[in-house]
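> below is the structure, and that's it, no one-letter string:
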């Protein structure tokens, strides 16, 4: 399937501030993602949390709501929303409902106390379906998926057979406490994309744009970022500011001051249009995991740790490893065989089969070395204009359909200092900045 695009009727130009704050004019929608720091996690000192003092958390969240209502975004995605407090939940739901939003909240599993809230403005979207994805892993993470239809009014000539649907996702990935957390984080993203694919197939949804919002708890240099890029998603903020995937641009902006005192850029609004190139998802995931393994091996070699099973053989003349050695190596690298926080037996076997291409039951060291090095080529951005042989798309129900897509018009972080990599001392809304992106509508001809 291929797509070509044409811009919708462009609105009259407005000054930059109005473009930030007003997406009501024809042809634009906007989206804000914000981790609002649940009061149960906000430390006032070594012993007390903000949740112990109603006047503190109430005042801060009233300020957050004022900021959100001032932005007037079409889509609002919040993380660390204190679902366990009825007063706070009621305040958000009433204020957002009064402003024209329909809201959906989802608690993390195992009574963690916080969760997600997604709000979409009824002037811009009609919600066709709402789904909740529970990862059921040791981080108790969840995701919300909204299937929406845009409320836009085109001329009769333009409106004929134009699909006006989209998918919106809100999530908050596991924090990478150490390098062993990389694999379950990749698993969480894989589950989201796999669920989207299954949903589109089951409901026979034509090609639609996808917006992934949230706190991804990882930077542009991580494997989660690279995996999403391989799946045709682009970071809206980086597109708006003409930043690339290069190391040079990896630290141009920040969005989080974490509990370790580190500044990092972790909040993203990802965009996928049906005309974007994407590698087969399972292959991408396997290569991402192999990249993770390579990073672990590199770290082990730097730290001077004893040789792992991957490098051990009972006889010096051996130049290969067996499946049992491979499995043991994953465990020693922090990727254990465990259904909740590691690889399942089926996943380890699938990874082995991905590398053992000749199916002889062993993997030559030379082949493994080539595999671990060649995976880096996979991350490189496609440079030529020809369509790559590995192009894959979401299921195409119609052989010839016109659908709406999104172009990134503008994006900004608040407070503005974080766009220069600086965290202002007087910022107190959260330990995260909020990210707002404005999109213009385009027509995509899919065939």
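Arrived safely. None of the values given here were measured: they were computed from a predicted structure.
> am I right that residue 123 sits in a strand?
No. Secondary structure of residue 123 (DSSP: H, G, I helix; E, B strand; the rest coil): coil, not part of a strand.
> where does the closest residue to it other than its chain neighbours fall, phi/psi-wise?
Here the nearest residue to residue 123 in space, its sequence neighbours aside, is residue 100; by CB to CB, 6 or more residues apart in numbering that works out to 5.9 Å. Where you see a C-beta, it was placed from the backbone N, CA and C, and this is true even at glycine. In terms of degrees, to the nearest 10, the main-chain angles of residue 100 are phi 100, psi 10.
> now swap in residue 77 and tell me
Dihedral pair for residue 77: phi -120, psi 120, per degrees, to the nearest 10.
> who touches the residue nearest to residue 123 in this structure?
Neighbour list for residue 100: 121, 122, 123 [criterion: CB atoms under 8 Å, 6 or more residues apart in numbering].
> residues contacting residue 106?
With contacts defined as CB under 8 Å, 6+ apart, residue 106 is in contact with 83, 115, 116, 117, 132, 142, 144.
> ok, the residues you listed vs residue 262, which is closest?
residue 116 (24.1 Å; CB to CB).
> now do the SS call for the closest one.
Classified using three-state DSSP, residue 116 is strand.
> mind listing the residues bridging to it?
With DSSP bridges as the criterion, residue 116 is bridged to residue 79, residue 106.
> residues in contact with it?
Residue 116 neighbours (CB under 8 Å, 6+ apart): 77-79, 81, 105-106, 142-144, 170-172, 214.
> got the residue ranges for the helices in the chain?
Here the chain has its helices, by DSSP state H, at 16-21, 54-71, 86-98, 156-159, 182-202, 223-230, 236-240, 281-303, 323-332, 345-355, 365-379.
> okay, residue 131: pLDDT?
On the pLDDT scale, residue 131 is placed at 98.
> before we move on, what about the one 3 residues further on?
Among the per-residue scores, residue 134 shows a pLDDT of 96.
> tell me how many other residues crowd it.
Using other CB atoms under 10 Å, residue 134 is surrounded by 14 other residues.
> any idea how far the residue nearest to residue 128 when sequence neighbours are not counted lies from residue 232?
Distances taken as CB to CB, 6+ apart place residue 147 nearest to residue 128, at 4.6 Å, with adjacent residues excluded. Distance, residue 147 to residue 232, using CB to CB, to the nearest Å: 19 Å.
> tell me which of the two has more neighbours.
Ranked by neighbour count (other CB under 10 Å), residue 147 and residue 232 place residue 232 first, with 22 against 19.
> I'd guessed that one sits against residue 212; true?
No. Using CB atoms under 8 Å as the test, residue 232 is too far from residue 212 to be in contact (11.3 Å).
> which residues are in contact with both of these two?
Joint contacts of residue 232 and residue 212 (CB under 8 Å, 6+ apart) are residue 272.
> look up how far residue 423 lies from residue 258.
Counting by CB to CB, the gap from residue 258 to residue 423 is 11 Å.
> ok, residue 117 next?
To residue 423, residue 117 is 25 Å away according to CB to CB.
> more neighbours, the two?
Neighbours around residue 117 and residue 423, counted as other CB under 10 Å, are more numerous at residue 117. The numbers are 24 against 16.
> list the contacts of that one.
Applying CB under 8 Å, 6+ apart to residue 117 gives the contacts 76, 77, 78, 81, 83, 92, 103, 104, 105, 106, 170.
> next one, pLDDT for residue 194 please.
The score at residue 194 is 92. That number is its pLDDT.
> ugh, wrong one, residue 340
Reported pLDDT at residue 340 in the predicted model: 51.
> can you report how many residues neighbour residue 203?
Neighbourhood size, residue 203 [other CB under 10 Å]: 11.
> ok, what's across the strand from the spatially closest residue to residue 407 that is not a sequence neighbour?
Nearest-residue entry for residue 407: residue 440, 4.8 Å, with adjacent residues in sequence omitted and distances by CB to CB, 6+ apart. Counting by DSSP bridges, residue 440 forms beta bridges with residue 28, residue 407.
> my guess is residue 440 contacts residue 409. True?
Yes. Contact criterion CB under 8 Å: residue 440 and residue 409 qualify, at 4.9 Å.
> which neighbours do those two have in common?
Here residue 440 and residue 409 have residue 28 as joint contacts, going by CB under 8 Å, 6+ apart.
> per-domain residue ranges of this structure.
Structurally, the chain divides into domains by automatic domain parsing as follows: 3-278+394-446, 285-379.
> so for stretch 351-363, what gets flagged as buried?
351, 352, 354, 355, 356, 363 (16 or more other CB atoms under 10 Å).
> for the last one, give the beta-bridge partners.
When you say that, I think you mean residue 363. Residues in beta-bridge contact with residue 363 (DSSP bridges): residue 321.
> which residues touch it?
Per CB under 8 Å, 6+ apart, neighbours of residue 363: 320, 321, 326, 352, 355, 356.
> what about the second one, how many residues nearby?
The one in question is residue 321. Applying other CB under 10 Å, we find 21 residues neighbouring residue 321.
> ok, it touching residue 362?
Yes. Applying CB under 8 Å, one finds residue 321 in contact with residue 362, separated by 6.7 Å.
> what residue ranges in the stretch 1-150 of the chain score low on pLDDT?
1-27 (pLDDT under 70).
> if you set the cut-off to 50 instead, what comes out?
For the stretch 1-150 of the chain, applying pLDDT under 50 flags the ranges 1, 4-26.
> now, of the domains of the chain, which is deepest in the fold?
Most buried of the domains of the chain, by mean neighbour count (mean count of other CB atoms under 10 Å): domain 3-278+394-446, with a mean of 18.
> surely residue 92 and residue 81 touch.
Yes. With contact defined as CB under 8 Å, residue 92 reaches residue 81; the gap is 7.5 Å.
> and the contacts of residue 363, which is closest to residue 164?
For the contacts of residue 363, the minimum distance to residue 164 (CB to CB) is 43.6 Å, reached by residue 355.
> distance check, the closest one against residue 29.
Residue 355 is 43 Å from residue 29, by CB to CB.
> hmm, which two among the contacts of residue 117 are most spread apart?
Longest span within these, CB to CB: 76 and 83, 15.4 Å.
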